[in-house]
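Student: just coords:
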Ligand SMILES: NC(=O)c1ccc[n+]([C@@H]2O[C@H](COP(=O)([O-])OP(=O)(O)OC[C@H]3O[C@@H](n4cnc5c(N)ncnc54)[C@H](O)[C@@H]3O)[C@@H](O)[C@H]2O)c1
């Protein structure tokens, strides 16, 4: 049983504490830290865990009583704790994005390369979703041939906050497709163009321009389009359709009961990512705990390298949003550690 220390006890930090407390075997909630001390204390009492509340992230990481660390703090607070974990040799599962910038994420890659081993698993949870895993298996089987095209939807009923901004769409929302599509296609991206569509009059966030459309080109010339619409009003709707040389494969809709009533057949749609991807979060934690217990290191995917190249693509997307042009993406040579 691994003693797990949690940094960040906000929305998803609390979800993760609860899943380790109640659902996923192999770990025990042993410590918590949040810059808002009350948030850490509240998590301990709400989920009735026997965990120490630490006064700083470093105090938690450095404590021998903590075996592994989970970073679920704000995007701009991931870098320092992750670097500290690598420095003292502790495995860490961090929420996405790895950091705010490719420059910061490169420091994490360089630290792992210098240490000669991996310590970091990045929370690109879709790689653990049963539907996406099935897509990956079908693509790898060669059943539909080489991939030519893909279209994806990332729809939320409403933005998480009224202060959600145009740029936040990239690192907070679109980053999931950036990672998972790169994984499904199994090749690097070459260029990206972002377009902003007609404003939804129901969009409550004044500084949020969307819907956005991403057009991504891979190195071999395949094209991926992603519609990002976070004011769709009707629910959380994730879709992905892959077009191969000899067939098409699409993500199944989540299994929901069908209701026949009043001359209609209806099926529920998940209200948020929490419900839609619950199984994937459980699976990513299971993979992390099992891998640490069996091999001493994190699961094979997603790596700090995956987090780093997602940042590079995210920066190209931001440049495209700002300059209204197609932007080339240059992914550096992958170090042997990640091959
Ligand atoms: N994988 C997913 O599907 C998914 C979904 C939601 C959020 N996230 C990611 O999880 C992270 C947290 O998001 P959230 O929605 O829980 O946000 P949140 O704002 O609800 O919570 C963030 C917490 O971090 C704390 N915090 C801020 N600075 C800190 C620091 N320096 N040290 C420790 N704690 C600090 C805040 O006090 C807050 O409690 C973000 O990186 C976000 O991108 C991932």
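Tutor: Noted; the coordinates are in hand. Since the model is a prediction, treat every value here as computed from it, not as a measurement.

Student: burial count for the spatially closest residue to residue 139 that is not a sequence neighbour?
Tutor: Excluding its sequence neighbours, the residue lying closest to residue 139 (Cβ to Cβ, 6 or more residues apart in numbering) is residue 184, at 6.0 Å. Every C-beta, even on glycine, is put in place using the N, C-alpha and C of the backbone. Other residues lying near residue 184 total 24 when counted by other Cβ atoms under 10 Å.

Student: contacting residues around the helix or strand hosting residue 184?
Tutor: Assessed by DSSP states H and E, residue 184 sits inside helix 175-185. Here helix 175-185 makes contact (Cβ atoms under 8 Å, 6 or more residues apart in numbering) with 96-97, 124, 126-127, 132, 135-136, 139, 147, 150, 152, 154, 188-189, 214, 216, 218, 222, 224, 226, 240, 242, 301-302, 306, 309-310, 313-314, 317.

Student: Buried residues of the longest helix along the chain, list them for me.
Tutor: Criterion DSSP state H: the longest helix present in the chain is helix 304-323. Across helix 304-323, burial judged by 16 or more other Cβ atoms under 10 Å covers 304-321.

Student: just how off-centre is the following helix or strand past it within its chain?
Tutor: Next in sequence after helix 304-323, counting helices and strands by DSSP H and E, comes strand 327-328. With Cα atoms, centre = their mean, to the nearest Å as the basis, strand 327-328 stands 23 Å off its chain's centre.

Student: what about strand 327-328, average pLDDT?
Tutor: Average pLDDT, strand 327-328: 98.

Student: Please apply the same query to stretch 247-261.
Tutor: 93.

Student: residues in contact with that stretch?
Tutor: Outside stretch 247-261, the residues that reach it (Cβ under 8 Å, 6+ apart) are 131-132, 134-135, 138-139, 143-145, 238-242, 265-270, 276.

Student: run the last query once more with 7 Å
Tutor: 131-132, 135, 138, 143-144, 239-242, 265-268, 270, 276 (Cβ atoms under 7 Å, 6 or more residues apart in numbering).

Student: Filter those residues down to the buried ones, PyMOL style.
Tutor: Applied in PyMOL, the following selects the buried portion of the contacts of stretch 247-261 according to 16+ other Cβ under 10 Å:
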select buried, resi 131+132+135+138+144+240+242+270+276
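
Student: Just flag the most distant two among the contacts of stretch 247-261.
Tutor: 143 and 266 (32.6 Å; Cβ to Cβ).

Student: gap between the residue nearest to residue 139 and the ligand?
Tutor: 17 Å (Cβ to the nearest ligand atom, to the nearest Å).

Student: Kindly report the same for residue 227.
Tutor: Between residue 227 and the ligand the distance is 18 Å, computed by Cβ to the nearest ligand atom.

Student: quick one: pLDDT of that residue?
Tutor: For residue 227, pLDDT reads 98.

Student: With adjacent residues omitted, what lies nearest to residue 83?
Tutor: residue 111 (5.8 Å).

Student: which outside residues touch the helix or strand that contains that neighbour?
Tutor: Counting by DSSP H and E, the element that carries residue 111 is helix 102-115. With contacts defined as Cβ under 7 Å, 6+ apart, helix 102-115 is touched by 79, 82-83, 86, 98-99, 118-120, 304-305, 307-308, 311-312, 315, 335, 337.

Student: try 6 Å this time
Tutor: With contact meaning Cβ atoms under 6 Å, 6 or more residues apart in numbering, helix 102-115 is reached by 79, 82-83, 86, 98-99, 118, 304-305, 307-308, 311-312, 315, 335, 337.

Student: strand partners of the next helix or strand after it, parallel vs antiparallel please.
Tutor: Sequence-wise, the next helix or strand beyond helix 102-115 is strand 120-123, with elements assigned using DSSP H and E. Paired with strand 120-123 in the same sheet, following DSSP bridges, are strand 91-95 (parallel).
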